[in-house]
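Visitor: need a structure here:
(2 chains)
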Amino acid sequence: MSNNEFNLDQFKATYFEECAELLIDAETRLALLQQHPDAVDVEDLHAIFRVVHSVKGGAGAFSFDQLVGFAHIYETLLDKMRQGTIAITEDLITLLLAANDILTRLIQAAQDGVTLTDSNLLDITNQLKSFAEDGSHKQQEKPAPPSSQEPPQQEEQPAPARKSHYTIRFSPKPQLFQHANEPLLLVREMKQLGELSTTVNTENLPNIRKIEPDIAYFSWIFELVTDRSLADVEEVFEFVTDDCELEITVATPEPASAGLASSDEPPHTQGSTDAPEVPATSPVPEGKAAPLSPPPENIPGPLQPAGAPPTAAKVSSIRVDLDRVDRLVNMVGELVITQAMLKQQVDNLPPEFAQYMSKGFEDLGMHTREIQESVMAVRMQPVKSVFSRIPRLVRELATKLNKQVELVTLGEHTEVDKTVIEQLADPLIHMIRNSLDHGIEENAEARVAVGKPSKATVTLSAEHRSGRIHIIVTDDGRGINRERVRSKAIEKGVISPDSALSDEEIDDLIFSPGFSTADEVTDVSGRGVGMDVVRRNITNLGGRIAVQSIPGQGTKFVMSLPLTLAVLDGMIVSVGREKFVISLTSIIESLRPAIKDLHHLSNGATVVAIRGEYVRLVKLHKLFKITDAEKDPSKALVVIAEIEGGRRVGILVDELLGQQQVVIKSLEENYDPVEGISAATILGNGKVALILDVDGLNTMAKAEINELIQEKQNDYHPISEALPPPLIGTHSIEEQREAEIAECN
Amino acid sequence: MALKVLAVDDSKTMRDMVSFTLRSAGHDVIEASDGRDALSKLMGSGRVDLVITDVNMPNMDGLALVKEIRANPTHRLTPILVLTTEADGAKKEEGRAVGATGWIVKPFNPEKLLQVVQKVCP
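Guide: Predicted structure coming up:
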């Protein structure tokens, strides 16, 4: 037995990973139960039971005693439920949900190596116990959690100093062999305990023609001299006690009289092997052989077919360590870079050489891209794992807030990168909380009064849209109260009292730092985390969040996230000698503005008029102090990109160099965060290019302008950050405001 | 003697632990994730010296698997160990009733597992 290298820790990672999956499954099933408490599918109960059972099994192996104890109690209740001894009520399902929470926390605690001590744990444990007891009028076995039980035989082993003499009468029942037990192995095991002599009784052996090979006909008497305990001897027969007549007698002093025939093998061969001092004599008690009746009807039937196989299709999958996938993604990233590099070198060759290679390079490029897509697909997971947590959240919140809410979930199979999924949960939960707490009317009467169904609907959906995933939370509540938002924003100093904001801009204020409209902090939404944090988290992921609201009809949050955080379809642009990458998904168009469309404002900003709309220009050469760039907008190019809230900004660049899929290298990991830059990448020529954070650039540009204005005058009212509304005539509001500012001066 | 063991458990953790223990002791291990999977692996792999199976599994549980094996003309005399967390005997009894050779109480340590394997395999 080479177990020295056996280290349990190596299985822990698998275990916790597995637990996470199991919990999701349980959670999903519980959500189903909770939706249809009247029509419970017993298969769901079985599945939840198996989850808890598996958690317990592993926990036992790692000696997570607290987890084992709780899982056992939880499991006991589930077992009774699935057997139908306990009626399923809504209260019970609520308890199960709570129990599942505790289970989740205990698993986390086990992972962190801590012990939970809160009252909630105790409370739920007691509730589970009392449900299990009240519900079943049957026997109440398993009172204590079998935290880390070894078979009891091993524990109370007194280790006797003196050798005992055991006489073991062993008469197998006919079915012994059919359970694949083998007397020979018992003999072998006993021989390891001490000195053994064996007598075999063969008188039940029928005529050779009638012998059935898998029926036991013999019986034995073993004489064993050993210093081991009775429990040890009994353990030898542990698996056969039901399939035999067994009688063990002990004589502690010297071997009792008993004449012994010792035989090693079951058949007739007689001869002394282990007990040479005792001569073989009588075949001993006939009485014991009596129960040996070998009628065929006695054979237990292993004949009935197993339980009806369910029809569920089998999903074949393997589990792979995320590190490995990450390494693969990284390598493929390098491959893409190398490929781009080679391509560039080939392009520099004289045409007569280049043409030989171009076909090959096209193929290589195609395959590289395919590999990359396949590898990315490995990391993709359905958002279901996050969505499955929502139903109970809604249910619990609805109960707490005393509102009637129905949750509709759409597109839960939409796939997105695992890292994105992990970061999705918190903002999503916050959005749902917000919808239930603030979005939906205080009570059903208020809804009915305005002609809505008394039960509110919250829709959660996911969909792919132009290379991004959109997660949308919609409620049919009262919508954003713009008057209140506005006055609150003024009160909190988020905006100045006279700022003119469009409806969308007012709605957008809810994402401002330090903003909360709830007059009193509730324990639902008011957890010290505002929508500004949600927005920041999402922005950090390269995502956007926007809100649309129609007063009286409802609110819609749209969260848009990149499908992956590893690669990006980018447009490479040049500014002077520098090259930058702009995410293709944020680019709307690019154009060379005519001089008449360019308007320079006195605050230093430049706007360009595009089809009746003003778009602020972001001058990269200014922000990043690039001296050799084209500074005249009418000679340069403007890339129009979309920013938060669907607004636009124009990025001034010298040239577009072409689009390319680039591998994202995090700046935070490899360097330090830089304002206006979201990440870096390596281009085909091996040079590093920075990936622009368009929203960040916009903020930088605004800040720069504000500084300019601050310098100009100190008591000005901050200009609305809004871009001007559609053009009327030739003067924009901003120009008018510019005039006003000039007058002030 | 090196044995060919079919290890059946829906929990990857448990399967890993059983396989690792057995492999460290020089045995060959085939893994299956539920009873149905185990049956198909059993059919596809000729002689198997020992089956170690969990009880609670989706698709086909361990007890049904034991019954199936006992009803199979080729494999009906294969030793089968049932993995059970129940120390109180209920599962052992059920296992016995359908024809299991023996059982291993979870949690087990590697020595115990190998010891039990020794017990039922020549």
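Visitor: Tell me the confidence at residue 105?
Guide: In the absence of a named chain, this looks at chain A. At residue A:105, the model reports a pLDDT of 89.
Visitor: my question was about chain B
Guide: For residue B:105, pLDDT reads 81.
Visitor: just checking, it touches residue B:85?
Guide: Yes. The pair residue B:105 / residue B:85 is scored as a contact, 7.2 Å apart, by Cβ atoms under 8 Å. From N, CA and C alone the C-beta is placed, and that goes for glycine too.
Visitor: Could you pick out the longest helix of the chain?
Guide: You didn't say which chain, so I picked chain A. The longest helix of chain A (DSSP state H) is helix A:351-379.
Visitor: ah, I was thinking of chain B
Guide: helix B:12-24.
Visitor: now what about it, what contacts it?
Guide: Helix B:12-24 has contacts (Cβ atoms under 8 Å, 6 or more residues apart in numbering or on different chains) with A:1-3, A:5-6, A:8, A:10-11, A:14-15, A:18, A:54, A:57-58, A:61, A:319, B:3, B:5, B:7-9, B:29, B:31, B:33, B:52, B:54, B:83, B:106, B:110, B:113-114, B:117.
Visitor: Which SSE is immediately downstream of it?
Guide: strand B:28-32 (DSSP states H and E).
Visitor: how about that following strand: buried residues?
Guide: If you call a residue buried by 16 or more other Cβ atoms under 10 Å in any protein chain shown, then strand B:28-32 has these buried ones: B:29, B:30, B:31, B:32.
Visitor: so what's the third one up against?
Guide: The contact partners of residue B:31, by Cβ under 8 Å, 6+ apart, come to B:6, B:7, B:8, B:15, B:19.
Visitor: The last one too?
Guide: Applying Cβ under 8 Å, 6+ apart, one finds that residue B:32 lies in contact with B:6, B:7, B:8, B:38, B:40, B:41.
Visitor: mind listing which of the residues you listed are in strands?
Guide: B:6, B:7, B:8 (DSSP state E).
Visitor: okay, those in CSV with distance to chain A next?
Guide: As requested, the ones in strands among the contacts of residue B:32 are exported to CSV (distance: Cβ to the nearest Cβ, whole Å):
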residue, distance to chain A
B:6, 13
B:7, 14
B:8, 13
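Visitor: On the three-state scheme, the residue of the stretch 101-250 of chain A found nearest chain B is what?
Guide: The minimum distance from the stretch 101-250 of chain A to chain B, using Cβ to the nearest Cβ, falls at residue A:239 (3.5 Å). With DSSP: H, G, I helix; E, B strand; the rest coil as the basis, residue A:239 sits in coil.
Visitor: The most centrally placed residue in chain B: what's its closest spatial neighbour, skipping adjacent residues?
Guide: By Cα atoms, centre = their mean, chain B has its centre lying nearest to residue B:52, at 1.1 Å. The shortest distance from residue B:52 to any non-neighbouring residue, by Cβ to Cβ, 6 or more residues apart in numbering or on different chains, is to residue B:81 (4.7 Å).
Visitor: Run the angle between the stretch of helix or strand the one you found belongs to and helix B:12-24 for me.
Guide: If you go by DSSP H and E, residue B:81 is part of strand B:80-84. Going by axes from the mean of the first three to the mean of the last three Cα atoms, to 10 degrees, strand B:80-84 is angled at 140 degrees with respect to helix B:12-24.
Visitor: who touches strand B:80-84?
Guide: Residues contacting strand B:80-84 (Cβ under 8 Å, 6+ apart): A:57, A:180, B:9, B:14, B:18, B:50-55, B:62-63, B:66, B:69, B:91-92, B:95, B:99-106, B:116-117, B:120.
Visitor: one more time with 7 Å
Guide: A:180, B:9, B:14, B:50-55, B:62, B:66, B:69, B:91-92, B:95, B:100-106, B:116, B:120 (Cβ atoms under 7 Å, 6 or more residues apart in numbering or on different chains).
Visitor: Please apply the same query to stretch A:363-375.
Guide: So stretch A:363-375 is contacted by A:328, A:329, A:332, A:335, A:336, A:339, A:343, A:567, A:661 (Cβ under 7 Å, 6+ apart).
Visitor: Residue A:571 pairs with what?
Guide: Per DSSP bridges, the residues bridged to residue A:571 are residue A:582, residue A:659.
Visitor: I figured residue A:561 was touching residue A:464, is that so?
Guide: No. Residue A:561 is not in contact with residue A:464 according to Cβ atoms under 7 Å; the separation is 10.7 Å.
Visitor: Looking at the two, which one has more neighbours?
Guide: For the pair residue A:561 and residue A:464, the greater number of neighbours falls to residue A:561 (24 against 13), based on other Cβ atoms under 10 Å in any protein chain shown.
Visitor: Surely that one is within a helix?
Guide: No. Going by three-state DSSP, the assignment for residue A:561 is strand, not a helix.
Visitor: so how far is residue A:698 from the nearest residue to it once chain neighbours are set aside?
Guide: Excluding the flanking residues, the one nearest residue A:561 by Cβ to Cβ, 6+ apart is residue A:543, at 3.8 Å. Residue A:543 is 16 Å from residue A:698, where distance means Cβ to Cβ, to the nearest Å.
Visitor: how about stretch A:535-545 as CSV, C-alpha atoms only?
Guide: C-alpha atoms of stretch A:535-545 as CSV (Å, rounded to 0.1, in the frame of the first residue of the first chain):
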residue,chain,number,x,y,z
ARG,A,535,-21.7,51.5,-12.9
ARG,A,536,-18.1,51.6,-11.8
ASN,A,537,-17.9,47.9,-11.6
ILE,A,538,-19.4,47.4,-14.9
THR,A,539,-17.2,50.0,-16.5
ASN,A,540,-14.2,48.3,-15.0
LEU,A,541,-15.3,45.2,-17.0
GLY,A,542,-15.3,47.2,-20.2
GLY,A,543,-19.1,47.4,-19.9
ARG,A,544,-21.7,50.1,-19.9
ILE,A,545,-24.9,50.5,-18.0
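Visitor: Model confidence for residue 39, exactly?
Guide: Answering for chain A, as no chain was given. 77.
Visitor: try again with chain B
Guide: 88.
Visitor: quick one: it and residue B:68 touch, right?
Guide: Yes. Under the criterion of Cβ under 7 Å, residue B:39 makes contact with residue B:68 at 5.7 Å.
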